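[1] sequence plus the predicted model coming up.
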Amino acid sequence: MTSLPDSFLWAVGLTAVSGLPGLFFPKTARSGQVLATVLASLGAILGLLSIALFFYDGGYDPGAGAMDGGSLFFWDPLSCFFLAGVFLLSGLGSLYGMGYWKQEDHPDNGRKLRFFYGTLSAGMASVIVSRHAFVFLLSWEVMALSAFFLVCTEDDKKEAREAGWVYFVATHLSTLLLFAFFAYYGSLRGTFSLFPFGATELASGQANGLFLLALAAFGLKAGVFPLHVWLPSAHANAPSHVSAVLSGVLLKVGVYGLMRACWLFPSPPPWWGETVVGLGVVSSVLGVVFALGQHDLKRLLAYHSIENIGIIFLGFGLALWGRAEARSEWVWWGLAGALLHVWNHGLFKSSLFYAAGSVIHSTGTRRIDELGGLSKTMPWTALGFLIGAVAICGLPPFNGFISEFLVYLGFFRTVGDDAGWSPGLFAVPALALTGALALACFTKVFGAVFLGEPRTERAGTCAESGPAILFPIGVLSVCCLWIGLFPRSVLPVLGSVIRQWDPGMSVPGGTVLEGVPWGVFTGTGLLLLVALGLGQWWLRKGRRGFGVPARVSTWDCGFIQPSPSIQTSASSYAKTLVDMFQWVLWPIRRRKGGDGFFPKGESYATHVPETVLDRGVLPLLRGIRWILKWFKVLQPGYVQVYVLYILLALVALILWR
């Protein structure tokens, strides 16, 4: 462990107070927003520089201070890896807000948003470097409450308030589980400082209890299925740059917490890894299945966050299983894939939320079937969304392909191995199915939103967003392309984190990650980009030399006067797949008209509810409320009755003694 540098402390401090000065500016003054952006950007730059210097110096000693329980904070490769996403995405989000959430356009909630945006970022950073249970829980509560107020930014809207309260209940259930985890941890260890247990310090039952509490608490924060009930509505109703931070960073704090908790145990049993892999299988497949049935652009992206958390869990489950089986190569493959996907998901999912926010900012709607043809009027937004879509589908030459490739390769190494049964028998098909469904989903989204003709007037009259919105999208797109083309550049960072998480490994990293021919990815990726560029040039200019017209009319299906209504809608595109998985989606269908030989009009609409929340949690809570209402007879409102209760309790205690 090493002490925190002053530059990092300044970074957290600047980020935390970035929105504070704006509270003293007039409601319509842009000066407060500019000042908040400058402070947040300086904090992000200082934080990223501190992290870069940490990895560049390479002076980390895994044993230094490992047993010192006096410090409240610590700084190691695992924490620095997750901090990079906090500072990068929070800094870009602050710049994005300059164009997306202008103070003069949002005088009632703009100052509140920027204040809690800063405290959220600082709270997440503080959680990641906390070494003591008290500081961890305090930082956790700052993070949780800040996110609650950000989700409720537009508290004049009913759906935003409902989303905020669902998140509030879920995050405090996670907090209660953390209280139980740290109370149990402190009773076993005699201290609340976090450092690894000895090999024989815990009985198996005690370790299992701590693991289950950590899995429930951090899994709820990470949004793993079926603990994801707060996630879709929170991501959909928050401002888009807040949604990007919630998805790209806040969920990863839950992943970090689980990795840090498992780091405490040197010899976990195999079923820990198998359980995490099982959760990853369910989350990855069902996350994308629920996304297929969505008509809200941001809600669809929210479900893809569940899918990608599932992919991260697959890789981490493999690493945990490898640690239990003393197979260091499995730890390398699994943890490298999981960690790199933490970064990758933060990059392409934030880019997608930024692009979705650009669409919402210009058109005023999140409804997919009310858009269309936006690539003509918003070409840069369309390009940014396309890059994010290709990356999230795990296709080359972008970053999502690299991390999923590592997870694939790790599970392939376990199948048919001497170890016998392997969770890879389920993980590999699930990962393949997830990729195929994600491709179908984003084909639907990009086609319905950016291709074809505008389905409404406001979609046809919108304009491209300004530089403040497009710049963060461009930065994240370049990052996605860089990791996809040059994955070797991130290997030293991954190796440092993996060696720190499992210092007892017998296999050096050079025989695992360095053994992959990474140059092949660079070469094929560059060739693919050249081929795409030449194809685009030929479609725009080159084909004119062959007598091919630059523009031709779309096939009109025999209609004399074609209209946007004859285009394939997002609902009809995904109908076959939604019907295939209706046993878990439970779609609600509404059809009107269409009867008789000459029907005047017909409408067809589908709605996919949040199955776990709407069909499980809420009915359960309503049942509990119905039972509890019978206890109202004990509360008649008379002081004499309450005094009688106290007297009866005292008599009962005397008799019991």
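    Cool, got the structure. Numbers count the residues shown, from 1 in each chain.

[2] mind giving me the packing neighbours of the helix or strand where residue 536 lies?
    Here residue 536, judged by DSSP states H and E, is contained in helix 518-540. If you count contacts as 3 or more Cβ pairs under 8 Å, 6 or more residues apart in numbering; DSSP states H and E, helix 518-540 packs onto helix 467-485. All C-beta atoms are positioned from the backbone trio N, CA, C, and that covers glycine.

[3] again, only using 10 Å
    Packed against helix 518-540 by the contact rule (3 or more Cβ pairs under 10 Å, 6 or more residues apart in numbering; DSSP states H and E) you find helix 399-414, helix 467-485.

[4] ok, residue 133 touching residue 181?
    Yes: counting by Cβ atoms under 10 Å, residue 181 is a contact partner of residue 133 at 8.6 Å.

[5] now the very next helix or strand once past the helix holding residue 536: average pLDDT?
    Per DSSP H and E, the first helix or strand lying C-terminal to helix 518-540 is helix 570-580. Mean per-residue pLDDT for helix 570-580: 79.

[6] stretch 490-500 too?
    On average, the pLDDT along stretch 490-500 is 88.

[7] pull out the buried positions in that stretch.
    490, 491, 493, 494, 495, 496, 497, 498, 499, 500 (16 or more other Cβ atoms under 10 Å).

[8] any chance of CSV for these, columns secondary structure?
    Shown next, in CSV, are the buried residues of stretch 490-500 (DSSP: H, G, I helix; E, B strand; the rest coil):
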residue, secondary structure
490, helix
491, helix
493, helix
494, helix
495, helix
496, helix
497, helix
498, helix
499, helix
500, helix
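
[9] and which of those residues is nearest residue 575?
    Checking those against residue 575 with Cβ to Cβ, the nearest one is residue 490 at 40.2 Å.

[10] what mean pLDDT does the helix holding residue 536 get?
    84.

[11] what is the orientation angle of it with helix 467-485?
    Relative orientation of helix 518-540 versus helix 467-485 (axes from the mean of the first three to the mean of the last three Cα atoms, to 10 degrees): 130 degrees.

[12] ok, the nearest residue to residue 225 once chain neighbours are set aside - contacts?
    In this structure, residue 225 finds its nearest non-sequential neighbour in residue 283, 4.1 Å apart by Cβ to Cβ, 6 or more residues apart in numbering. Residue 283 is in contact with 219, 222-228, 305-314, 430, 434, counting by Cβ atoms under 10 Å, 6 or more residues apart in numbering.

[13] and what of residue 388?
    Contacts of residue 388 (Cβ under 10 Å, 6+ apart): 301, 347-356, 398, 400, 442, 446, 473, 476-477, 480.

[14] would you mark the buried spots in the helix or strand hosting it?
    Per DSSP H and E: residue 388 is located in helix 379-392. By 16+ other Cβ under 10 Å, the buried positions in helix 379-392 come out as 380-392.

[15] what's the answer for stretch 426-436, then?
    Neighbour-count burial for stretch 426-436 [16+ other Cβ under 10 Å]: 426, 427, 428, 430, 431, 434, 435.

[16] okay, now the unreliable bits of the chain?
    1-2, 58-70, 416-420, 505-511, 542-562, 592-605 (pLDDT under 70).

[17] ok and the helix holding residue 388 relative to helix 467-485, angle-wise?
    Using the same axes, to 10 degrees: helix 379-392 against helix 467-485 is 30 degrees.

[18] 17 is where my numbering starts, stick with that
    All set: I'll call the first residue 17, so the last point we hit is now helix 395-408.

[19] for residue 89, phi and psi?
    Taking degrees, to the nearest 10, you get phi -130, psi 160 for the backbone angles of residue 89.

[20] give me the distance between the residue lying closest to it once chain neighbours are set aside and residue 276.
    Once flanking residues are discounted, residue 89 sits nearest to residue 145: 4.7 Å by Cβ to Cβ, 6+ apart. Applying Cβ to Cβ, to the nearest Å, the value for residue 145 to residue 276 is 11 Å.
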